[in-house]
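>>> Please find the sequence and the predicted model below.
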Amino acid sequence: MRRIPATIVTGFLGAGKTSLVRHLLTAASGHRLAIIVNEFGELGIDRELLLGCGDATCTDDDIVELANGCLCCTVADDFLPTLTRLIDRANPPDHIVVETSGLALPKPLVRAFAWPEIRTRMTVDGVVTVIDAAAAAAGRFASDPEAVARQRAADPSIDHDNPLEEVFTDQLACADLVILNKTDLVAPGRLAGLRREIEARLRPGVKLIVAEQGRVAPAIALGVAAAAEDDLAARPSLHEIEGEHDHDDFDSFVVEHGPVTDAAAFRARLAALIRAHDVLRVKGFLDVPGRDRRQVVQAVGDRIDTHFDRPWHSAERRTSRLVVIGRKGLDRIAIQTALGAVPGAL
């Protein structure tokens, strides 16, 4: 019996995972892809973005959202039953793509494919880690975890505990393919240096490629044939040494807003509050009067991208909704007030 391949797409918040998956869907050339989306937060933005791709493959049955928490923490409760339902279909998918949340650790998901009820029917084709080149070039993550530990030991008065670095390190350590995305935002000289820095951290045989807006050919991202579930020992994880993965360092909440009549002013207000409150990620949709399509908002730091995707459905309520993600302690009231949130809608 042919084992159905699965690709795990991981990467930090805003790296471009959903853009990559959308591109794979639209360029699938007749191959039936099923997508599992693990949204971190209360608003299912990523699944809606995928369904808005305008391609015939973007159907309700083939795009499954798991919003009950990070998949790496809910493997038995959510992930395995979802995989089983997909492969038990009369016409199962040719390939399954799992888009993790930005905080997920890939290794527990890879380990799940070694479970007896899954192992004979599926294989992990590869773990694809997507990196935001502009964020990495700005030094968002420490390049050497051991150097961080030495620095912490040398100066205990400074708090060097950075869970984002640990997550990033684990995602690189588990990768079979690394996509350095958004390279159009980085100067060529800095990009060349960044490639060398990242390649020095990769396991032997792991390839790094560059991309813009997640545009990577399916023939490159899919069909890696890594059988990652048989190679767990070669994929080291900091969290197997340091203890249980904990998401208590992060907060997320939804802001609902009325129609946005001045999109430019709203965008400027959003950028200002992101800087003021050190918000990591904002994503969602805006209702812009006079436009029959939703405006998608994607913000990483104070870099904000917008575009119009699909038309509003006749039966759905037009509204503006954003999910805000940041470190623990975000001032929800201040952020909601700054965005002009709708009273009673949050």
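Everything's here; your move. Numbers count the residues shown, from 1 in each chain.
>>> which helices and strands does the longest helix along the chain pack with?
Here the longest helix in the chain is taken by residue count, with DSSP state H as the criterion, and it is helix 263-277. Of the remaining helices and strands, those touching helix 263-277 by 3 or more CB pairs under 8 Å, 6 or more residues apart in numbering; DSSP states H and E are strand 279-286, strand 293-300, strand 303-311, helix 332-338. No exception for glycine: its C-beta is placed from N, CA and C like everyone else's.
>>> which of these sits most buried?
strand 279-286 (a mean of 24; mean count of other CB atoms under 10 Å).
>>> who touches that one?
Contacting residues not belonging to strand 279-286 are listed as 13-14, 43, 45-46, 48, 102, 250, 255, 257, 260, 263, 266, 270, 273-274, 294-301, 304, 306, 319-327, 330, 335 [CB atoms under 8 Å, 6 or more residues apart in numbering].
>>> ok so, going back, could you dump the helices and strands packed on helix 263-277 into CSV with mean pLDDT and distance to residue 113 added?
Formatted as CSV, those follow (pLDDT from 0 to 100; distance: least, CB to CB, whole Å):
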stretch, mean pLDDT, distance to residue 113
strand 279-286, 82, 28
strand 293-300, 82, 30
strand 303-311, 82, 32
helix 332-338, 86, 38
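>>> could I get those as CSV with distance to residue 122?
As requested, the helices and strands packed on helix 263-277 are arranged in CSV below (distance: least, CB to CB, whole Å):
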stretch, distance to residue 122
strand 279-286, 30
strand 293-300, 31
strand 303-311, 31
helix 332-338, 40
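>>> Tell me which of the ones you listed sits nearest to residue 134.
If you check each of the helices and strands packed on helix 263-277 against residue 134 by CB to CB, strand 303-311 wins as the nearest, at 7.0 Å.
>>> Name the residues of the following helix or strand past the closest one that are buried.
Scanning forward in sequence from strand 303-311 by DSSP states H and E, the next helix or strand is strand 320-327. Using 16 or more other CB atoms under 10 Å as the test for burial, strand 320-327 gives 320, 321, 322, 323, 324, 325, 326.
>>> Surely the first one is in contact with residue 254?
No - counting by CB atoms under 8 Å, no contact exists between residue 320 and residue 254, whose distance comes to 10.9 Å.
>>> Can you list the residue ranges for helices in the stretch 151-300 of the chain?
163-173, 188-199, 218-221, 238-242, 263-277 (DSSP state H, counting those that start in this stretch).
>>> who's in contact with the third one?
Defining contact as CB under 8 Å, 6+ apart, one finds that helix 218-221 is touched by 7, 20, 24, 27, 28, 29, 31, 126, 128, 177, 179, 209.
>>> In those residues, which residue is surrounded by the most others?
The most neighbours of any of those, using other CB atoms under 10 Å, belong to residue 128, which has 30 neighbours.
>>> Pull the contacting residues for residue 110.
When the contact criterion is CB under 8 Å, 6+ apart, the partners of residue 110 are 8, 124, 127, 174, 228, 229, 232, 235.
>>> after the strand or helix carrying it, next one along is what?
When secondary structure is defined by DSSP H and E, residue 110 falls within helix 106-112. Beyond helix 106-112 in the direction of the C-terminus, DSSP H and E gives the next helix or strand as helix 116-119.
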